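>>> for reference, the sequence and a predicted model appear below.
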Amino acid sequence: MFYKLIQRGVPGWFPYNSLHVMQPMFTKKMNESIAKELKTIDIYTADDPSPPRNPVVVVKNSIATKVLKDQGSFKVIWAKALNSMSPGKDYGGFMLGGDLAANTAQRVLVGNTIYESKSTKDIKKALADFVANVGAKCLEDDTLNFAKDLNQIDLIRE
């Protein structure tokens, strides 16, 4: 569990899949050797730690709108991590997975369908009903019944 201590103690200094953090008691060379032997080297990065970038606080609506519309300069931050979770797969084609024109078209289509449709009330009700029904079913399936009126659910696991 050292990796959690390091990632929380010096947040942003190491990539989430840093080889240095996963085995902090070994040298960089030894970590690489172990990962190669286990054939897991592809899921790690051997990048050296670097200070996290300073955040830029945007306080004006006009600037926030400009940033959100400038897909050339401001990329989705989760794309690299999402794609690295399944080596060989590219999730850039999904609505929130990329910055391409197709992704924007998907977001606009879904937004228009939900918020600007003539039957917006019906769609919102259908979505709310779906979430309520699926949520209730998940709670029912994952609830542990210990005794009468004594139930528990492990929210972290579920």
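Structure received.
>>> low-confidence ranges, the protein, go.
Residues of the chain that meet the criterion pLDDT under 70 lie in 95, 117-120, 158.
>>> make sure Asp47 is actually in contact with Pro15.
Yes. In this structure Asp47 lies within contact range of Pro15 using Cβ atoms under 8 Å: 5.8 Å. Any C-beta I mention is one placed from the backbone N, CA and C, and that applies to glycine too.
>>> which one's more surrounded, these two?
Shown here are Asp47 and Pro15; by other Cβ atoms under 10 Å, Pro15 has more neighbours (19 against 12).
>>> that's a strand at the more buried one, yeah?
No. Assigned with DSSP: H, G, I helix; E, B strand; the rest coil, Pro15 falls outside any strand and is coil.
>>> neighbours of the closest residue in space to it that isn't next to it in sequence, just the number please.
Spatial nearest neighbour of Pro15, excluding adjacent residues (Cβ to Cβ, 6 or more residues apart in numbering): Thr45 at 5.1 Å. Using other Cβ under 10 Å, the number of residues around Thr45 comes to 15.
>>> identify the bridge partners of Thr45.
Ser18 (DSSP bridges).
>>> from what I can see it touches Val21, true?
No. Applying Cβ under 8 Å as the test, Thr45 and Val21 come out as separate, 10.1 Å apart.
>>> tell me which element Asn103 is part of?
Using DSSP states H and E, Asn103 sits within helix 101-115.
>>> give the other helices and strands that that helix contacts.
Counting contacts by 3 or more Cβ pairs under 8 Å, 6 or more residues apart in numbering; DSSP states H and E, helix 101-115 is packed against helix 120-142.
>>> can you list the domains in this protein?
Annotated domains of the chain cover 1-55, 59-116, 119-152 [automatic domain parsing].
>>> please name the nearest non-neighbouring residue to Gly12.
Pro52 (2.9 Å).
>>> that neighbour: what's it in contact with?
Neighbour list for Pro52: Pro11, Gly12, Trp13 [criterion: Cβ atoms under 8 Å, 6 or more residues apart in numbering].
>>> what's the first-to-last distance across stretch 14-28?
13 Å (Cα to Cα, to the nearest Å).
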